[in-house]
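Participant: here are the coordinates; sequence isn't available:
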């Protein structure tokens, strides 16, 4: 019987920037139909790990495998990635940005995009240049979530969103990611996301220090994921 490959597998993954170690000997497997929280303080290695999965950085040691293959053109068909910073061409209108994204990704759904336009209260005729930072981030989220991907990776999706809107955005993400897909949310705003997490990954100084089922960890520690994280990372550098 053929063994099913993990959606993502990291093997002894290390990334150095000159003399600084950003990631150290990371081993991790991500499966289908799971919601993962990649949780750590700013500078802990979350974004470096995500960029390695998305083929935006090259490992110093070890390897990244997406369904058994190294990241590249094929993996970009599998992974829909929301970066921490906005990368959109600000001279475009919302409508043109959607069309360009659809031209680039065959799995893009105009039906989903139209629904998200309404949910996010975006004007398709508005120029990105005229939009606030928060509205630009909503547009970027629309583009990412309109794909029918196998893995969605969202790096700090709430950075430009006010606290009152975070729950709405989270519900929208849940409603729009594909049923058989997986979702990785990288954030330090743990209390905002922990209600939806199946698995939690704590990362500290470039190392995975906890990888557990969220519910089992809560039961074991008799505390919320946010409380557990605060205890573990108190005074951490």
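Facilitator: Sure, I can see it. Everything numeric in this text was worked out from a predicted model, so none of it was measured.
Participant: so what's residue 31 up against?
Facilitator: For residue 31, the contacting residues are 6, 7, 182, by CB atoms under 8 Å, 6 or more residues apart in numbering. No exception for glycine: its C-beta is placed from N, CA and C like everyone else's.
Participant: I'd like those written out as JSON lines, with pLDDT and distance to residue 53 added.
Facilitator: Formatted as JSON lines, the contacts of residue 31 follow (pLDDT from 0 to 100; distance: CB to CB, whole Å):
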{"residue": "6", "pLDDT": "91", "distance to residue 53": "12"}
{"residue": "7", "pLDDT": "95", "distance to residue 53": "10"}
{"residue": "182", "pLDDT": "95", "distance to residue 53": "12"}
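Participant: any idea where the strands of this protein begin and end?
Facilitator: Taking DSSP state E as the test, the strands found in the chain are 8-17, 20-30, 35-39, 61-66, 79-82, 151-155, 182-187, 199-204, 207-213.
Participant: worst-scoring helix or strand of the protein, pLDDT-wise?
Facilitator: Lowest on mean pLDDT, DSSP states H and E among the helices and strands of the chain sits helix 163-176, with a mean of 84.
Participant: other residues contacting that one?
Facilitator: Contacts for helix 163-176 (CB under 8 Å, 6+ apart): 112, 115-116, 119-120, 134, 138, 141, 145-146, 152, 154, 157-158, 161, 183, 185, 189, 192-193, 196.
Participant: just give me the neighbour total for the residue nearest to residue 162 when sequence neighbours are not counted.
Facilitator: The shortest distance from residue 162 to any non-neighbouring residue, by CB to CB, 6 or more residues apart in numbering, is to residue 134 (7.4 Å). Residues near residue 134, counting by other CB atoms under 10 Å, number 14.
Participant: give me the buried positions along stretch 85-102.
Facilitator: Neighbour-count burial for stretch 85-102 flags 86, 88, 92, 93, 94, 97, 98, 101, 102 (criterion: 16 or more other CB atoms under 10 Å).
Participant: what sits against residue 182?
Facilitator: 7, 30, 31, 32, 33, 34, 35, 36, 150, 151, 152.
Participant: list only buried entries from these.
Facilitator: Using 16+ other CB under 10 Å, the buried members of those are 7, 30, 34, 35, 36, 150, 151, 152.
Participant: quick one on the thing from earlier: now, the contacts of helix 163-176 that are in helices?
Facilitator: 112, 115, 116, 119, 134, 138, 141, 145, 192, 193 (DSSP state H).
Participant: show the buried residues in those.
Facilitator: In terms of neighbour count (16+ other CB under 10 Å), the buried residues within those are 112, 115, 116, 119, 138, 141, 145, 192, 193.
Participant: just send the residues you listed back as JSON lines, with pLDDT and distance to residue 200 too.
Facilitator: Below are those laid out as JSON lines (pLDDT from 0 to 100; distance: CB to CB, whole Å):
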{"residue": "112", "pLDDT": "93", "distance to residue 200": "28"}
{"residue": "115", "pLDDT": "93", "distance to residue 200": "30"}
{"residue": "116", "pLDDT": "94", "distance to residue 200": "27"}
{"residue": "119", "pLDDT": "91", "distance to residue 200": "27"}
{"residue": "138", "pLDDT": "89", "distance to residue 200": "26"}
{"residue": "141", "pLDDT": "92", "distance to residue 200": "22"}
{"residue": "145", "pLDDT": "94", "distance to residue 200": "22"}
{"residue": "192", "pLDDT": "86", "distance to residue 200": "14"}
{"residue": "193", "pLDDT": "90", "distance to residue 200": "10"}
